[in-house]
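Undergrad: take this sequence and fold it.
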Amino acid sequence: MAGVSGHETHQNNRRRKKSTVWEHFTVKTDGPGCARAYCKRCQKSFAYLKHSKQSGTSHLKRHIALGICQKNKKIPCSNTDADPPKKRARAKPYIAAISFDQECCNSKIAKMIILHDYPLHIVEHQGFIDFVKALQPQFNPLSFKAIQGDCVAMYIREKQKLLKLIDGIPGRVNLTLDVWTSNQTSAYVFLRGHFIDGDWNLHHPILNVFTVPFPDSAGSLNQTVIKCLSNWHLKGRLFTLALDKFFSTETLIGNLRSLLSVNNPVILDGQFLSQNCYARVLSHLALDVLSTMRETIDKVRESVKYVKSSKSNEANFLKLRQQLQVPTTMDLVIDDKNKWDTIYHMLVAACKLKEAFVCFDAFDPDFRLTLTLDDWKQVETLCRYLNYLYDAANILTVQPYPTANLFFLEVSKLQLVLTCASLSHDPFCSRLIMPLQKKFDQYWRESCFILAVAVAMDPRYKMKFVESTFGKIFGENAEYWIRVVEDGLNELFLDYNIIEVLPFTARSDNEGDETMIKTESFDEAGFDGSLFAADDGLSDIEFYISDLTCNQQFKSELDEYLEEPLESRVQEFDVLSWWRINRLKYPTLSRLASDILCVPVSTLSADAVFDTQIRKMDNYRSSLDSLTLEALICSKDWFQYKSLPITVPNTLVKVEC
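TA: Alright, predicted model coming up:
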């Protein structure tokens, strides 16, 4: 009877398990009164208590029906006891219960306006209000003044973060000045900082946007730059300053050079003031050469426009190129006269399809804008040299604000190409390129020193590449230019050795950051050696320099670095990572390298590299007060800049020498 009773109990237990969930689970008893349900597919175990709603079968059904089981996603659970969609629907009251945060919404709208250049008045537009109200009926519409205040407040918060970052960097800061015009009698100057932080990450934020009278702006611009240096705690920490010749006068240049010399007495007497924006130099060369062939280019442009003017013309042209079996997949493009790279792309595509253009008048009687074979030959010559300018400028668009070591190779190659072309036996080629070569030669001579010093800080090239390149460009005068770079590099290294000594003697007790150097005393002493004069008349600095130069057995970090074997020239070489790894081996030289490698050669942003005209501030932004305008422009730059990769690989370096 006992056996029968046990058998009946077992049958009753099986009868109770009517749910289809038991097709996928099995129950195992782990101990007295302790049972767990195991998934047959993934073997995951779950608590299981008979006759209990707390650990019954509901959680087992969710595991199967909602696809939680990774090995059992496609198996449906057709259980009449519970409907999975109804389980999901129960979460709705929880979502509806989330409290509305007006302040958070205001902040998100402010960031949206900053990132996408929306007008501040958008918050008062009825369409925007209706849209937001449909999403959240509790939303209170904002006024122009309210959103303006939110944007400025966001700018001030972000500025404090950036200021803290700049205060903590171990090196110096490089500045660039870019100018925009407007329809008013004023111009807008963008002051951008370039620096490397303690972790060897490259930064290039816009620091200020300010308005100056135009064109008479030398005095006000000089005062504004001085104010910027003070506001950003950069006095005595400025390494180089670059601006475009378009916005520079002799008075302004003299004032800024004095500013560099006074605030940076040990950095080559403030010589690192550049008036040559690399992007603008290339744009001017491109416009000059395009202007030389204006009539021929206009013919090409009109021919392209005719083909692109209608679908039937385009279809006829396509049919002709297929019949002629023109070996190119390029399509015709209409250029934008405000971007010289689009003119170049238009000419290249047209040259590839010149056979079709030559025959198109016979195929389409309405097409009469034909070019001669000589015209096409000249356009091909033009494209060949425009390609060198395009490649030289494109480095600034592929990687915004690349490290300075990348430019020596591109600039020296362009210098050689233009020099050879100007001496060509082809009269058309030499006549076309000679004016370009003269202008670029001036840029090369003014910029080759800083570019050579920068490439010397690249362990793949060092001075060996400089010597080889100077030999090709300067010929018998190469030795003089090599010595100029070597002497300048040694003087810079000596200056940085002096800087390493100064913090122990001239550190400001009033500054919270112990790494900051008190340089105001240089202004008074003029850095004539009397600042640290010893009893015997020989200053500490003079003694230190004497010790460096007179000890024949002393080998500096610079000597050791230059004598080390070159690193292999690989495409994915990251020069900043190399110096981060080797900063303990070269503590002083690495500080020099960090300042040199972030020296900017162009004042323009990546989207303005190919511009043919100075950019103009639109009327809406010109109507904003100066603080609001600065808040919108700077904050946008900072938000976008944060989204970029922290480490910037030098992928643009070409392997060939």
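
Undergrad: residue 619: neighbour count?
TA: If you count neighbours by other CB atoms under 10 Å, residue 619 ends up with 10. The way it works is simple: take the backbone N, C-alpha and C, and place the C-beta from them, glycine included.

Undergrad: show me what contacts it?
TA: Residue 619 sits next to residue 183 when contact means CB atoms under 8 Å, 6 or more residues apart in numbering.

Undergrad: so where's the stretch 501-650 of the chain uncertain?
TA: Across the stretch 501-650 of the chain, the ranges flagged by pLDDT under 70 are 501-554, 643-650.

Undergrad: what ranges does it have for its helices?
TA: Here the stretch 501-650 of the chain has its helices, by DSSP state H, counting those that start in this stretch, at 503-506, 520-525, 540-550, 557-563, 575-581, 587-597, 619-622, 626-642.

Undergrad: hmm, who's touching stretch 115-126?
TA: With contact meaning CB under 8 Å, 6+ apart, stretch 115-126 is reached by 109, 112-113, 128-129, 141-144, 146-148, 151, 620, 624, 628, 632, 636, 639-640.

Undergrad: show me which residues of that stretch are buried.
TA: By neighbour count with 16 or more other CB atoms under 10 Å, stretch 115-126 contains the buried residues 118, 120, 122-123.

Undergrad: remind me which residues of the stretch 351-500 of the chain are low pLDDT?
TA: Residues of the stretch 351-500 of the chain that meet the criterion pLDDT under 70 lie in 499-500.

Undergrad: what about the helices in it?
TA: 354-363, 373-398, 407-422, 427-456, 462-474, 478-501.

Undergrad: partner strands of the strand ranked longest in the chain, with direction?
TA: Assignment by DSSP state E gives strand 186-196 as the longest strand of the chain. Strands that pair with strand 186-196, judged by DSSP bridges, come out as strand 173-180 (antiparallel), strand 202-203 (antiparallel), strand 206-213 (antiparallel).

Undergrad: is residue 301 in contact with residue 335, as I believe?
TA: Yes: the pair residue 301 / residue 335 is scored as a contact, 6.6 Å apart, by CB atoms under 8 Å.

Undergrad: between those two, what contacts are shared?
TA: Residues touching both residue 301 and residue 335 (CB under 8 Å, 6+ apart) are residue 346.

Undergrad: okay, and which of the buried residues of stretch 115-126 map to helices?
TA: Counting by DSSP state H, no part of the buried residues of stretch 115-126 is found in helices.

Undergrad: narrow these to those in strands?
TA: With strands taken from DSSP E, there is no overlap with these.

Undergrad: of all the residues you listed, which two lie farthest apart?
TA: The most widely separated members of these, counting by CB to CB, are 118 and 123 (9.1 Å).

Undergrad: circling back to that earlier point, among the contacts of stretch 115-126, which ones are buried?
TA: Taking 16+ other CB under 10 Å as the criterion, what is buried in these is 109, 113, 128, 142, 146-148, 151, 624, 628, 632, 636.

Undergrad: residue 490: which of these is nearest?
TA: Closest approach to residue 490 among the buried ones among the contacts of stretch 115-126 (CB to CB): residue 636, at 42.5 Å.

Undergrad: what's the nearest residue to that closest one if we skip its chain neighbours?
TA: Leaving aside its chain neighbours, residue 636 sits nearest to residue 114 (5.0 Å; criterion: CB to CB, 6 or more residues apart in numbering).

Undergrad: wait, a helix at the one you found?
TA: Yes: counting by DSSP: H, G, I helix; E, B strand; the rest coil, one finds residue 114 located in a helix.
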